[in-house]
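Asks: Sequence first, predicted coordinates after that:
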Amino acid sequence: MNCSNLVDATGWVCAPMGHNALLAHAPLSLGDDGQLASFYILNDSPDTFFLTDAHAAVMHAADHGAKINKSRIQQAAKVPGLLFAQINDDGEITASGSVSDLQASLWDALRATLAITNNEKAWLPRTQQERFASRVGRTLRNRSDIGVISKPKLTGASGHQIEFPLGIKVGNEFVRAIQTVGVSENGHMDWNFIYQSFGKLNDLKKASNPDADNRLVVIERGAPRDEFGKAVTVLSEAARVIEFSDTSEFVLLAAA
């Protein structure tokens, strides 16, 4: 095995890496920064090889902020029809066997790389607002038997479908939209998010009966008191506003 043979077989870029070893670069980048998918190939005997990406794909995802865990790696490893390469539980892509299978193994390894890189953005940490919405939803589901809906869409006066983080089903058809408003990571209220939330709620308000209790804001404490008060004042123009707590009392207020 040599670089000339590998380039002829695949069209990839290749460079020798010491005794009986090569480094092959595939024409595919990891993410958006231009780093190419690469594999080390070792001739451990004249007729056999061992291939590894040296954890490059999973490390690239982690370096760009993705949260890596065993279950995510195992899910990515379920690539249909993967015959010659595999993704180990620690994220390393490997292949081994007869030199006659090297070309197929390289393409399989590239497919395994894609299985990781295609998940890179999905594995990024959620925003603070998403985390808070998840926390509120978990409290509602754990402490009551009310029907909690994820990301309900309701029609506003604009005619647009407005998506909210959560909803509660009241009766057979009525849905109360829940707009969650969390404190930003810097400990302050996110006013851009507050104004965006107000716009959604006000659009739904204009499309609703005056006495319809179909809009609820759940707001997180933690920001300075004056900011918290101003946020409540703004949002209460468009919806009922309650403070979040992981208690049964909070659930009763939300479902009232």
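Replies: Ah, there it is.
Asks: switch to C-alpha atoms for all contacts and neighbour counts from now on
Replies: Will do.
Asks: Between its first and last residues, how far does stretch 44-55 reach?
Replies: From its first residue to its last, stretch 44-55 covers 20 Å (CA to CA, to the nearest Å).
Asks: Pull out the buried residues from it.
Replies: Of the residues in stretch 44-55, those scored as buried under the neighbour-count criterion (16 or more other CA atoms under 10 Å) are 48-53, 55.
Asks: Just send those back as CSV, with secondary structure and distance to Asp89 too.
Replies: Formatted as CSV, the buried residues of stretch 44-55 follow (DSSP: H, G, I helix; E, B strand; the rest coil; distance: CA to CA, whole Å):
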residue, secondary structure, distance to Asp89
Thr48, strand, 24
Phe49, strand, 21
Phe50, strand, 18
Leu51, strand, 16
Thr52, strand, 14
Asp53, coil, 14
His55, coil, 11
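Asks: Just the closest of the residues you listed to Ala26, please.
Replies: Using CA to CA, Asp53 is the member of these that lies nearest Ala26, at 11.2 Å.
Asks: Quick check: the gap between Asp190 and Val181.
Replies: Using CA to CA, which is the criterion applied here, Asp190 is 8 Å from Val181.
Asks: neighbour count winner among the two?
Replies: Comparing Asp190 with Val181 by neighbour count (other CA atoms under 10 Å), the higher total belongs to Val181, at 26 against 18.
Asks: Run through the bridge partners of the more buried one.
Replies: The bridge-partner assignment for Val181, based on DSSP bridges, gives Ile219.
Asks: Quick check: it touching Gly222?
Replies: No - here Val181 does not reach Gly222: they are 11.5 Å apart, not a contact under CA atoms under 8 Å.
Asks: just how off-centre is stretch 181-195 within its chain?
Replies: Here stretch 181-195 shows a centroid-to-chain-centroid distance of 21 Å under the convention CA atoms, centre = their mean, to the nearest Å.
Asks: Other residues contacting that stretch?
Replies: By CA atoms under 8 Å, 6 or more residues apart in numbering, the list of residues contacting stretch 181-195 from outside reads 128-129, 132-133, 217-224, 227-228, 231, 235.
Asks: and if you look at stretch 17-35?
Replies: Residues outside stretch 17-35 that contact it (CA under 8 Å, 6+ apart): 2-3, 12-16, 36-44, 57, 60-61, 110, 117, 120.
Asks: and if you look at stretch 48-63?
Replies: For stretch 48-63, contacts defined as CA under 8 Å, 6+ apart pick out 30-31, 37-44, 68, 91-99, 102, 113, 116-117, 120.
Asks: again, but for stretch 124-141
Replies: Stretch 124-141 is touched from outside by 65-67, 146-148, 165-166, 180-185, 220, 244, 246-247, 251, with contacts defined as CA under 8 Å, 6+ apart.
Asks: Mark which of the residues you listed are part of helices, please.
Replies: Taking DSSP state H, the ones among the contacts of stretch 124-141 that sit in helices are Val251.
Asks: Filter the contacts of stretch 124-141 down to the ones in strands?
Replies: The members of the contacts of stretch 124-141 that map onto strands under DSSP state E are 147-148, 166, 180-181.
Asks: so where's the chain shaky on pLDDT?
Replies: Within the chain, the stretches with pLDDT under 70 are 1.
Asks: Domain parsing of the chain, as residue ranges.
Replies: For the chain, automatic domain parsing gives the domain ranges 3-117, 128-255.
Asks: Quick one: end-to-end distance for the longest one.
Replies: The first and final residues of domain 128-255 sit 24 Å from each other (CA to CA).
Asks: mind checking how far that domain is from the chain centre?
Replies: With CA atoms, centre = their mean as the basis, the mean position of domain 128-255 lies at 22 Å from the chain mean.
Asks: What of the shortest one?
Replies: Domain 3-117 has its average C-alpha position 24 Å from the chain's average C-alpha position, going by CA atoms, centre = their mean.
Asks: end to end, how far does that domain reach?
Replies: The first residue of domain 3-117 is 26 Å away from its last residue (CA to CA).
Asks: now the helices for the stretch 1-150 of the chain?
Replies: Across the stretch 1-150 of the chain, reading from the start of the chain, the helices by DSSP state H, counting those that start in this stretch fall at 3-10, 56-63, 70-76, 102-117, 128-142.
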